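Asker: Kindly return the folded structure for what I paste below:
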Amino acid sequence: MKNSKEYAKKIQRLYRSLSRKYPKVQKVVHDKPTDAIIYAIISSELSEKATDAAIKKFADYFVDLNDLRVSRTEEIVEMLGGNTSVTRTIASTITTVLRAVFNEYHKLSLDLLKKTGKRPARQILEKIEGTSRFVVDYCMLTSLQGHAIPLTKGMIEYLKSNELVYPDADEQQIAGFLAKQISANKGYDFYALLRRESEARRSKKKKNNKTTSQKKTETKSKKKTTKKRKSKK
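Answerer: Numbers count the residues shown, from 1 in each chain. This is a model prediction of the structure:
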């Protein structure tokens, strides 16, 4: 990535700043790679809070992964909290991935990845239909002890808007760059902190936009009321 030395210093400052700002991170570990994949598919589009809520509903509603695999999109969408283009995409991706795994291995377990090397495991994950860069990186980080920094769209947007990475860098370049700056044993810690910060900023931005919109509506309403009063006079 261009100007890597300059951005490397910024990333280290960011890490120190976020470590002071947020409570200590408790590392998440998925014993089963398939569980990590399902979580990643959802959390690539939804916030961690919404993802945790969805995973809990999944556990209560679906008998097992095979039940999830053969479920209707509408059922999955309902568990995700509502019928939107985002939840429909998530539901479709989940069933696509699970079907791909089942068709390849005749079961929904990917425990074999724990017995192979990190590089072969990544290559296998990348070949599964429906998996994204984020899904692969998240599975490697939380289930296969790999060195990776998963990046949501919101995290990438945060890094670019705060000039912490080269503006024209893509997801692969940014993820590779961050992996070089953050050691493997601190990978999840950095990922979790950066995600918290990006989601907090996004939430604050939405609230500000909502407040601004409400003020504009109130102003328009007052103007209309004033005009009506004048016309009556």
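Asker: For the spatially closest residue to F134 that is not a sequence neighbour, give me its contacts.
Answerer: For F134, ignoring the flanking residues on the chain, the nearest one in space by Cβ to Cβ, 6 or more residues apart in numbering is S44 at 4.6 Å. C-beta coordinates here come from the backbone N, C-alpha and C atoms, glycine included. Residues near S44 by Cβ atoms under 8 Å, 6 or more residues apart in numbering: S132, F134, V135, Y138, T152.
Asker: Please repeat the previous calculation with a cut-off of 10 Å.
Answerer: 51, 89-90, 93, 132-135, 138, 150-154 (Cβ atoms under 10 Å, 6 or more residues apart in numbering).
Asker: That one and L18, how far apart?
Answerer: For S44, the distance to L18 equals 21 Å [Cβ to Cβ, to the nearest Å].
Asker: what does V135 give?
Answerer: Look at V135 and L18: by Cβ to Cβ, they are 24 Å apart.
Asker: Which one of the two is surrounded by more residues?
Answerer: V135 (25 against 17; other Cβ atoms under 10 Å).
Asker: does the more buried one really touch V97, like I thought?
Answerer: Yes. Between V135 and V97 there is a contact at 7.9 Å, judged by Cβ atoms under 10 Å.
Asker: overlap in contacts of those two?
Answerer: I37, I38, A40, I41, L125, I128.
Asker: Over to the second one: give its phi and psi.
Answerer: Torsion angles at I38 (phi, psi; degrees, to the nearest 10) stand at phi -60, psi -40.
Asker: Roughly how far does the spatially most central residue of the chain sit from Q173?
Answerer: In the chain, the residue lying closest to the centroid (Cα atoms, centre = their mean) is S44, at 2.9 Å. Note on S44: its distance to Q173, by Cβ to Cβ, is 18 Å.
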